[in-house]
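*Asks:* fold the stuff below for me.
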Amino acid sequence: MENKKEITGRSVLAYGMGGFGRQSLYIIQNTFLLYYFVSVAGLNSAAVGMAFAGVTLISKIGEGISAALMGVVLGAIGYVQDAEIQTASTVLGLQHLSSTVPLAFVVIMLVILLGNDMDKKHAEYEQQLAAQHSAVL
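*Replies:* Down below sits the predicted model:
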């Protein structure tokens, strides 16, 4: 006999609201980027559209690869899907996956950002952008 839990209306509403919020932010971000690339930076709208399509394709491929990789990692730490209680080593592995691994990525990104000299080149970038913008107008 299978032990399946019924999905409540509250859960459906919560996931739906989360999905709506995520997609709303995604649409706002992409609308702003599309406007910026076409109207401010002066890029060809067809090229920008193809670039957005390419990014979407790459992100979908990445999502598929990461889902498969996550399945392998969960199997490696001993996670059992329908188990009432997970082993101590599995719980420890899940804690590391949700805390230590993301923290490592944050530290790596901070090191990369601290080594970035964008603030020194900001005035140069503004001048280049102004020159491109005046050439379009």
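*Asks:* got the contact list for stretch 40-59?
*Replies:* Asn30, Leu34, Phe37, Val38, Leu129, Gln132, His133, Ala135, Val136 (C-beta atoms under 8 Å, 6 or more residues apart in numbering). In short, each C-beta sits where N, CA and C put it, glycine included.
*Asks:* now do 10 Å
*Replies:* Contacts with stretch 40-59, where a contact means C-beta atoms under 10 Å, 6 or more residues apart in numbering, come from 30, 33-39, 129, 132-133, 135-137.
*Asks:* quick one: which of those residues has the most company?
*Replies:* Within these, most neighbours by other C-beta atoms under 10 Å means Phe37, with 18 neighbours.
*Asks:* please state the backbone phi and psi of Asn116?
*Replies:* With angles defined as degrees, to the nearest 10, Asn116 sits at phi -80, psi 140.
*Asks:* nope, Ala41 is what I was after
*Replies:* Main-chain dihedrals, Ala41, degrees, to the nearest 10: phi -80, psi -20.
*Asks:* relative to Ile77, how far out is it?
*Replies:* 45 Å (C-beta to C-beta, to the nearest Å).
*Asks:* what do you get for Lys120?
*Replies:* 44 Å.
*Asks:* which of these two has more neighbours?
*Replies:* Applying other C-beta under 10 Å to Lys120 and Ile77 shows that Ile77 carries more neighbours, namely 16 against 8.
*Asks:* if you drop the residues flanking it in sequence, what lies closest to the more buried one?
*Replies:* Gly93 (3.2 Å; C-beta to C-beta, 6 or more residues apart in numbering).
*Asks:* pull out the buried positions in the host helix or strand of that neighbour.
*Replies:* Using DSSP states H and E, Gly93 sits in helix 88-95. Neighbour counts over helix 88-95 (16 or more other C-beta atoms under 10 Å) mark Thr90, Gly93 as buried.
*Asks:* list the helices and strands that helix packs on?
*Replies:* helix 45-77 (3 or more C-beta pairs under 10 Å, 6 or more residues apart in numbering; DSSP states H and E).
*Asks:* ok and the helix it packs on relative to helix 88-95, angle-wise?
*Replies:* In terms of direction (axes from the mean of the first three to the mean of the last three C-alpha atoms, to 10 degrees), helix 45-77 departs from helix 88-95 by 160 degrees.
*Asks:* I am finished for the moment; much appreciated.
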